[in-house]
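> Have a look; sequence and predicted model below, questions after that.
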Amino acid sequence: MSGYLRSVRDDIPAAGFCAKNLIRRHPEFTLGPISITVNPGEVVALVGANGSGKTTTLNLLAELDQPEEGTVSFPCPNPAAALRCGLVTDADDMPEDLTAREMWSVIARVSSACRSEATTLLDRARSLAATFVFTQHDQLIGTLSHGNRQKAKLVAAFMVEPPTMLLDEPRNGLDPVAIHHLNRQLTGYAGRGGALVFATHDLHYAERSASRIVALHQGRVVFNGTAPEVPGRSLPDWYVQMATSDV
């Protein structure tokens with residue numbers, strides 16, 4: 001997970017991005033061209049079937065992968081991607097030989113200019129852990145359940161709070177209480193000016209929670225707009241009909 005290296009503030013500067021005509025070719029799949037602009041304060045849901053290109057798109061936006069064509073630009077003046085965008089992946093990619101507390105401490109140290117700033121981040125991590133009802137701070141990450149690993153990962157993301165955040169299936173494995181508090185974190189983050197994109201298979205959730213929806217099908221954007229602008233009665237009805245019409 002990349003993190004924006006600064007202390008938490010009341011507002012989030014230099015958020016958002018503009019992706020233009022991204023193309024990424026794989027032997028079995030081509031993504032694009034994809035063009036997405038996300039502004040400060042927006043919550044954008046990236047939806048689509050398995051293999052539609054959601055994770056590939058997030059990796060390109062986070063610059064963990066490079067497109068053959070197209071560009072991604074950020075308003076943040078610092079050229080380092082780690083200073084402007086954070087990615088919470090759906091992969092099981094945390095250090096299994098560290099405890100959650102140790103992982104947060106490492107993130108706090110590399111994300112801070114001084115000891116007091118690192119202490120502030122760790123205090124925020126403990127507060128977030130309590131919010132998500134995560135108490136296994138000193139248990140090795142490799143021994144945590146899937147849901148608790150997800151909670152530890154979300155704490156790591158929100159303790160640093162980058163100006164732009166990309167989340168791949170953030171609700172996976174979470175219990176109802178944690179999902180409730182995650183929704184509140186996302187709303188607060190956007191309210192402070194953060195730019196957020198989350199990928200999900202849950203079309204009802206996307207319809208309820210996002211200020212804008214970007215739908216992918218077979219590597220291409222087939223819809224980019226608000227829930228009321230979706231053709232037909234609802235996003236789930238429209239997407240299922242669209243995705244199965246060419247089967």
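Received the coordinates, thanks.

> What's the per-residue pLDDT of the closest residue to residue 191 other than its chain neighbours here?
Sequence neighbours aside, residue 41 is the residue nearest to residue 191 in space, at 7.2 Å (criterion: C-beta to C-beta, 6 or more residues apart in numbering). Where C-beta positions appear, they are placed from N, C-alpha and C, glycine not excepted. For residue 41, the pLDDT comes out at 93.

> and what of residue 207?
For residue 207, the predicted pLDDT is 93.

> continuing past the helix or strand that contains it, what's the next helix or strand?
In the assignment (DSSP states H and E), residue 207 maps to helix 203-209. Sequence-wise, the next helix or strand downstream of helix 203-209 (DSSP H and E) is strand 212-217.

> Strand partners (parallel or antiparallel) of the lowest-mean-pLDDT helix or strand in the chain?
Within the chain, no helix or strand scores below strand 85-88, which has a mean of 83 by mean pLDDT, DSSP states H and E. Here strand 85-88 has these sheet partners by DSSP bridges: strand 164-168 (parallel).

> residues making contact with the partner strand?
Residues from elsewhere that reach strand 164-168 (C-beta atoms under 8 Å, 6 or more residues apart in numbering): 15-17, 38, 54-55, 58, 61-62, 74, 84-91, 157, 189, 194-199.

> Restricting the selection to alpha carbons, write that strand to PDB.
The C-alpha trace of strand 164-168 is given here as PDB (Å, rounded to 0.1, in the frame of the first residue of the first chain):
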ATOM      1  CA  THR A 164      -6.500  10.200  -3.200                       C
ATOM      2  CA  MET A 165      -7.500   6.800  -2.100                       C
ATOM      3  CA  LEU A 166      -8.200   3.700  -4.200                       C
ATOM      4  CA  LEU A 167      -9.900   0.700  -2.500                       C
ATOM      5  CA  ASP A 168     -10.300  -2.700  -4.100                       C
END
